[in-house]
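1. show me how the following folds:
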Amino acid sequence: MAPLLTAGEALPLLIEAAQEAGEIGLRFARDGAQIFDKPDNSPVTEADLAIDAHLAARLRGVSSAIGWLSEEAADSTERLSKRQVWVLDPIDGTRGFIAGNGEWVISAALVEDGRPLAGVLFRPTNGDLYSAGRGLGAFKNGVLIEASAGTLSQTRLIAGPKPMFDLVREDLPPEVERAARLSSLALRIAYVAEGRLDAAFASGSSHDWDIAAADVILSEAGGRLSEVRGEEVTYNRAEPVHAPLVMAGLARQEALVALFRGVKF
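-> Predicted structure coming up:
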């Protein structure tokens, strides 16, 4: 029987593959990448496709017991029968990549039984590497990170869509500010995990590949990402898309979810 991986076995594979993919992305960022429109009118570039091919070459052959889900690859129902699935976004923040603002990451995770087991975010433009494995802690460039542990009354900086922010603004402390938008949702979550943001929201359009790696990083950093009603996010479903999301340190996240109760989306 083909082997499954532990978090400790998966992490070095994910880190090496993501860092190699970063070199590919930087080369296209320097030399230029052709841009295409996907059926949903979102952009994809030569860099996205080249990184996807590289990640597939590095990870798909590790074990036949592990399924595959990538934003830039054709999906298959075969993954639904697998306990473990590689979940990848070759470039999370493609619009940022195109704009040249540096706000893009390679997002790579291993999901087990519907929840992320290990995850890596690599930001090639500055070399930042976020990594976490279940029960192993969360790290940025090898240094342990922790989400801000303050209460709702101590919240000062939140990132996310203005409509969501406005829905609960009157219940937040008057000092709260809405942070500037980031091109990468995964990076937004990583900022919460390292305490750079107190909390963040996401609209109801994120997919497994956008958030799986960042989810385990935030969880291991002492935070939580959930759907806006408080439900745990489940990965590797037939439709890998999610409701609006709320993310923060544990106490603050619970309080923010409570603010959204009764709000219609």
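
2. show the subsequent helix or strand relative to the helix of greatest length in the chain.
-> If each helix of the chain is counted by residues according to DSSP state H, the longest one is helix 7-31. For helix 7-31, the following helix or strand on the C-terminal side (DSSP states H and E) is strand 35-37.

3. contacts for that next one?
-> Contacts of strand 35-37 from elsewhere in the structure, counted by Cβ atoms under 8 Å, 6 or more residues apart in numbering, are 43-45, 98. Glycine gets a C-beta too; all of them are placed from N, C-alpha and C.

4. for those residues, which two are the farthest from each other?
-> V44 and I98 (9.9 Å; Cβ to Cβ).

5. for F265, give me the pLDDT.
-> In the prediction, the pLDDT value recorded for F265 is 67.

6. domain assignment for this protein?
-> Domain assignment for the chain by automatic domain parsing gives 7-144, 152-260.

7. tabulate these (CSV), appending mean neighbour count.
-> As requested, the domains of the chain are arranged in CSV below (neighbours: other Cβ atoms under 10 Å):
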stretch, mean neighbour count
domain 7-144, 19
domain 152-260, 20
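
8. in a markdown table: those domains, plus mean pLDDT.
-> What follows is these, written out as a markdown table (pLDDT from 0 to 100):
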| stretch | mean pLDDT |
| --- | --- |
| domain 7-144 | 97 |
| domain 152-260 | 96 |
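
9. where's A47, which helix or strand?
-> Here A47 sits within helix 46-59, counting by DSSP H and E.

10. does the next helix or strand after that helix pack against any helices or strands, and if so which?
-> Using DSSP H and E, the helix or strand that follows helix 46-59 in sequence is strand 66-70. Applying 3 or more Cβ pairs under 8 Å, 6 or more residues apart in numbering; DSSP states H and E, we find strand 66-70 packed against helix 46-59, strand 84-92, helix 208-220.

11. setting aside sequence neighbours, what's the nearest residue to S76?
-> Distances taken as Cβ to Cβ, 6 or more residues apart in numbering place W68 nearest to S76, at 7.5 Å, with adjacent residues excluded.
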